[in-house]
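In: Predicted model follows, preceded by the sequence.
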Amino acid sequence: MTATTPTTPRAAVPGTRPAALYTGLALTVLATLAPLIDIATIDTLTSHVRDAYPDWGPDLVAKDRNAIATYLVATSALGIPLWLVTIRALTTGKRWARTAATLAFAAGTFTALLNLSLSGEHYDVIVPYQHGTLTLLPCLAGLAAIVPLWRRPTHTTNAHPTP
């Protein structure tokens, strides 16, 4: 028979802001679904491609639109498991949580800034600005979540100690 020692659950990483983490997750889900909703409704992606390539036929426009939409959905969807792992790591007090949160923030911010700046042949930007901006919103929530993680805890001292 083996003896088991009771384990105490780890506390959340100091500075964890679950509201910011869940907001970032929700914004990432929204950014993931936005290109699909766009195609099903107002289809600004097709207009974006048609503006860049007015001589293209509908089949080429649709292929390029689908490529942009697939890229946006795939890159945004990669953020969902990153948010879930980060939330779990921070709320369960994993030692590596701060570093993982910071790396996930850096990757997401790099991708969002790439979306806002990547240009191509006839495009001013390949990803339309409204979609690029939408991919940047989860990064703002990520920033609100990680800044407190790296701040040093403030220790309050009692100015009038009791005897």
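Out: Ah, there it is.

In: unless I'm mixing things up, residue 133 is touching residue 117, no?
Out: No: contact criterion CB atoms under 8 Å: residue 133 and residue 117 do not qualify, at 12.0 Å. C-beta here means a position set from N, CA and C on the backbone, and glycine is covered the same way.

In: who's more crowded, the two?
Out: Neighbour tally, residue 133 and residue 117, criterion other CB atoms under 10 Å: the higher count belongs to residue 133, 14 against 11.

In: list the buried ones in stretch 22-37?
Out: 23, 24, 25, 27, 28, 29, 31, 32, 34, 35 (16 or more other CB atoms under 10 Å).

In: Correction: the previous question concerned stretch 129-144.
Out: For stretch 129-144, the neighbour count (16+ other CB under 10 Å) marks 131, 132, 134, 135, 136, 137, 138, 139, 141, 142 as buried.

In: Could you check how far the fourth one is from residue 11?
Out: Applying CB to CB, to the nearest Å, one obtains 33 Å for the distance of residue 135 from residue 11.

In: again with the third one
Out: Distance from residue 134 to residue 11, counting by CB to CB: 35 Å.

In: do residue 76 as well
Out: 32 Å.

In: Residue 137 now?
Out: According to CB to CB, residue 137 and residue 11 sit 30 Å apart.

In: circling back: tell me the two of the buried residues of stretch 22-37 that are most distant?
Out: Spatial extent of the buried residues of stretch 22-37 (CB to CB) is set by the pair 23 and 35 at 20.6 Å.

In: Tell me, how many residues neighbour residue 102?
Out: Residue 102 has 15 neighbouring residues, counting by other CB under 10 Å.

In: what do you get for residue 68?
Out: Using other CB under 10 Å, residue 68 has 20 neighbouring residues.

In: so who does the most centrally placed residue in the chain touch?
Out: Closest residue to the average C-alpha location of the chain: residue 138 at 4.2 Å, with CA atoms, centre = their mean. Contacts for residue 138 (CB atoms under 8 Å, 6 or more residues apart in numbering) come out as 24, 25, 27, 28, 31, 79, 83, 108, 112.

In: Just the ones of those in helices?
Out: Members of the contacts of residue 138 lying in helices (criterion: DSSP state H): 24, 25, 27, 28, 31, 79, 83, 108, 112.
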